[in-house]
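**Q** kindly generate the corresponding structure for this input.
(2 chains)
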Amino acid sequence: MAQEHAAPIHGEDEGTTTGLNHRKMLMWAFLGSDCMFFGSLIATYLVYQGKSLEGPLPIDVFDIPVTSISTFVLLMSSMSMVLAYSALTKNNMKGFRIWMISTAIMGSTFIGFQVYEFSSFATHHVEIDCVNPGELTKYEQHIFDDGCSSGEAHAESHEGLKPQTNLFGTTFYTLTGFHGAHVTLGVVWLLSLLLLSFKKGVITPEKNLDVDLAALYWHFVDVVWIVIFTVVYLFGVFPGF
Amino acid sequence: MSTFPISIPRPVHPTGIWNWVTTIDHKRIGILYGVTAFLMFLSGGVEAILMRVQLAGPELDIVSAAVYNQLFTMHGTTMIFLAVMPLSAAFFNFVIPLQIGARDVAFPRLNAFSYWTFLAGALMLKLSWIGGATDAGWFGYAPLTSVAQNPGTGIDFWIISLQILGVASLAAAFNFIVTIINMRAPGMTMMRLPLFTWMSFITAILLVLAFPVITVALIELTFDRYFMFNFFNVANGGSVVLWQHLFWVFGHPEVYILILPAMGIVSEVIPVFSKKPLFGYKTVVLAGAIIAFMGWMVWSHHMFTVGLGAVANAVFTVTTMLIAVPTGIKVFNWLGTIWGGSIRFTTPMLYSLGFIAMFLIGGISGVMHAVSASDAQQQDTYFIPAHLHYVLFGGAIMAILSGIFYWFPKYSGKMFNERQGKISFWLLMIGQNVTFFPMHFVGLDGMPRRIYTYAGNMGWDFWNGVATGGVLILLIGFLLVMDNIGRHWKNGEPAPPDPWDGRTLEWSIPSPPPEYNFEEIPIVRGLDDWWATKQGDSYKEIPASGGSGENGHNIHLPQPSYWPFVSAAGLFIAAYGVVFNDLLIPWGLAAIGLTIGFVGVYAWSLEPVNDPEEDSTH
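**A** Model (predicted):
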């Protein structure tokens, strides 16, 4: 009976009304709540899409190939997480640890990419040849108009994209920053579980709920990124979408 | 506790104040919630009295305009977040496990954390009176909350304490969703759940989905204020209407978060004192679910005068009128329950009947400003406070008082004075109508809400004087309620287990319930099972041995813990660190608080529910 151990903590799910574990149900409720959290942030982003009064805009700063790589790494980390859980249930502790480390490394790689991306956006630097400018975005045209009016050879801007720069900066950094914070928390969680697995009897093929919950969270954070990548990056650069 | 590097002995059998600090018993946490929330309710009441005194006559100068702005903002925030919500939470905590036949909630320590976090947020908000409280109205419209308009710390306190209260509400909501789905006694199917539990379940789902929206809105506001982001900065293209949308997408479900538990209480009290099963149980459940669902489709009726356009206003007019339908269904179900019943007009019953009458008036004025054209005349006039006080005071508070008296024998183990209870009911009933009904008149007469004074030639002074007089009647009524409860909690007659001839499981156990609630887990065979059991239906006798087959001595309950309190204390310190982020080292205090919170949560997650050495059966 669930009432005997009011909060089973070791992953037994016998004795609950539905047969589902309490903590797993809590995790699903939390993920539902987190959906509304990211939903509100994405809604804010969409409401302000195209409303920035000045650049840089998505088309100026986004580097789709680079972000595609980090997206790929994050997606692969989900696979690695599945393999870790699978190895655990098959009592392959070595495999479990290897795949957990690999998941954490891929998560950290994604964070590394994000740090790089944020800093390169913040220092985004435009230099335009006034004689032969080529095809310019709206933002670059603006710099061209400002800087090339009196016969200079180049026009340049070191303004970059900061959260304070325009609405795009404000909404972009907030949305992706909170996603990054979720990934960071996930990495800490995975590493904690990895350390705990060296303590005897804490994580075993039978007591796998802790890993199961971390995996659920990890996959959720991954799915959120797919939405962000599509809505923010792809829609931002390919206006035909 | 060997897994955590800091070795702190577990509070196994604490006494005195540590008993309360480390308790994870849902009944004690319920009492903590109730007492704290009632004190907060009183503080909100003092704010209301000061406002009414200021408005008693034209051009009075008892409080300044600045203080008046803080008074109405703090009054609204207090009553919603620190009084009605946690008073409902007090009932969730105390009643739900008893009604579903469980020995505790699914996550006892999370429950304790939820209380201490609530207390942290409440203290934080109330302490902001020192140095100037928030003054932008309880819905904090941008740009009144911007640094340019409002440079003081009042808004910061408001933001951070609402975030902390959000954490508390979410923790409680997760807990009760899991508890209600997963800890029901054998045979307690979803469609046999008592109505209060059902409505609490729906409320918890609303909380889980609605609170993240206000969290995001407040985060955006925080970033605007602290880091000069552009969310609500019109100069850089930001839109103040975005705040309104985010706030009311949260704010309208919040209205149902306030009223659904109240409807649940009324649906418990009326059948018991009419000696009839609830008329149309399934309809009432379904109506509650539909209200919760439709509650997401009406938020823009708070924004009819913003200029969203004719189509938006028309759509939200229609959805708002539609939501009156399931609410009306409930009213008819309650009336159908009373009809032909053998009615006992006890104090809790009177409060529930008062709820129906007052909520009906509030509902009718609500339908009036559901019409966007009509609302254009009523927006920001005293007609709105009149409406919302009929649904929140006449509705939520009356139902909560009904619950306070209905379950008083259960949580205190004593009986209150019925005569005194009835007198206080009539005082509150008359007092609220004298206070709030005249607001309809001055509102339709054009008196704006949230003004600190008015000219004598506007024709508003008579009804304002009457309303202020009504507050004095309310004050006497509440003093009587407090006296009744306080005195009889201490020295009342001992209460029998089932003083009201109840229908639900909480009345099948002693008053007050033992720590383990049920000696044997009951087996439930139908709706209102305890009632049927008492009628002696042959197939519904009390099971000789319930699911567990254990007796009271062997029941092992989860043990007390320090960590929920430590985690909440860390949050409290961190919150102060955010408001005063330039103290000594920038963000130093916030970092200290977060570290304490993090250590608390980490130690908590590594702490077993029961220490193995204390655990004889595992």
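
**Q** all the helices of chain A, residue numbers only.
**A** A:22-47, A:58-61, A:64-89, A:93-122, A:138-147, A:167-196, A:209-228, A:235-237 (DSSP state H).

**Q** for B:Val579, find the nearest of these.
**A** Between B:Val579 and the helices of chain A, the tightest spacing by C-beta to C-beta is seen for helix A:167-196, at 20.5 Å. Where you see a C-beta, it was placed from the backbone N, CA and C, and this is true even at glycine.

**Q** in terms of mean pLDDT, which of the helices of chain A ranks lowest?
**A** For the helices of chain A, mean pLDDT drops lowest on helix A:138-147, to a mean of 84.

**Q** list of residues touching it?
**A** A:54-57, A:60, A:126, A:128, A:130, A:133, A:136, A:154-157 (C-beta atoms under 8 Å, 6 or more residues apart in numbering or on different chains).

**Q** and chain B, which of those reach it?
**A** Among the contacts of helix A:138-147, no residue lies close to chain B (C-beta under 8 Å from any C-beta of the partner chain).

**Q** need those residues in a markdown table with neighbour count and distance to B:Val21, can you?
**A** Output for those, formatted as a markdown table (neighbours: other C-beta atoms under 10 Å in any protein chain shown; distance: C-beta to C-beta, whole Å):
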| residue | neighbour count | distance to B:Val21 |
| --- | --- | --- |
| A:Glu54 | 15 | 54 |
| A:Gly55 | 25 | 55 |
| A:Pro56 | 26 | 53 |
| A:Leu57 | 20 | 54 |
| A:Asp60 | 17 | 55 |
| A:Val126 | 21 | 59 |
| A:Ile128 | 20 | 66 |
| A:Cys130 | 15 | 71 |
| A:Pro133 | 15 | 70 |
| A:Leu136 | 14 | 65 |
| A:His154 | 12 | 68 |
| A:Ala155 | 20 | 66 |
| A:Glu156 | 12 | 62 |
| A:Ser157 | 18 | 58 |
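
**Q** the residues you listed in strands, which ones?
**A** A:Val126, A:Ile128, A:His154, A:Ala155, A:Glu156, A:Ser157 (DSSP state E).

**Q** follow-up on the earlier one: list just the nearest of the contacts of helix A:138-147 to chain B.
**A** Among the contacts of helix A:138-147, A:Glu54 lies closest to chain B (C-beta to the nearest C-beta), at 8.4 Å.

**Q** correct me, but the closest one touches A:Phe168?
**A** No: under the criterion of C-beta atoms under 8 Å, A:Glu54 makes no contact with A:Phe168, lying 9.5 Å away.

**Q** any stretches of chain B with poor pLDDT?
**A** B:1-9, B:12-14, B:537-556, B:609-618 (pLDDT under 70).

**Q** so the spatially most central residue of it: helix, strand or coil?
**A** Nearest to the mean C-alpha position of chain B, by C-alpha atoms, centre = their mean, lies B:Met85 at 1.4 Å. Secondary structure state of B:Met85, per DSSP: H, G, I helix; E, B strand; the rest coil, is helix.

**Q** next, the contact list for it, please.
**A** B:Ala37, B:Ser169, B:Ile257, B:Leu258.

**Q** skipping adjacent residues, who's closest to the second one in space?
**A** The one in question is B:Ser169. What sits nearest to B:Ser169 in space, not counting adjacent residues and going by C-beta to C-beta, 6 or more residues apart in numbering or on different chains, is B:Leu207, at 5.3 Å.

**Q** pretty sure the one you found is touching B:Leu258, no?
**A** No: using C-beta under 8 Å, B:Leu207 is not in contact with B:Leu258; the gap is 10.9 Å.

**Q** excluding chain neighbours, give the residue nearest to A:Leu216 in space.
**A** Using C-beta to C-beta, 6+ apart and skipping the chain neighbours, the partner closest in space to A:Leu216 is A:Met27 (5.4 Å).

**Q** that neighbour contacts A:Trp218, doesn't it?
**A** No: A:Met27 is beyond contact range of A:Trp218, at 11.4 Å (criterion: C-beta under 8 Å).

**Q** residue of the stretch 301-450 of chain B closest to chain A, please.
**A** Closest point on the stretch 301-450 of chain B to chain A, by C-beta to the nearest C-beta, is B:Leu308, at 13.5 Å.

**Q** now that residue: phi and psi?
**A** phi -80, psi -10 (degrees, to the nearest 10).

**Q** for it, the count of nearby residues, please.
**A** Neighbourhood size, B:Leu308 [other C-beta atoms under 10 Å in any protein chain shown]: 17.

**Q** got the contact list for it?
**A** B:Ser300.

**Q** can you rerun that using 10 Å?
**A** Listed by C-beta atoms under 10 Å, 6 or more residues apart in numbering or on different chains, the contact set of B:Leu308 reads B:Val241, B:Gln244, B:His245, B:Ser300, B:Val315, B:Phe316, B:Ser372.

**Q** kindly report the same for A:Phe110.
**A** Counting by C-beta under 10 Å, 6+ apart, A:Phe110 has contacts A:69-77, A:179-180, A:183-184, A:187, A:221-222, A:225.

**Q** could you restrict those residues to the ones contacting chain B?
**A** When the contacts of A:Phe110 are filtered against chain B using C-beta under 10 Å from any C-beta of the partner chain, no residues are retained.

**Q** drop anything exposed from those residues.
**A** A:70-71, A:73-77, A:179-180, A:183, A:187, A:221-222, A:225 (16 or more other C-beta atoms under 10 Å in any protein chain shown).
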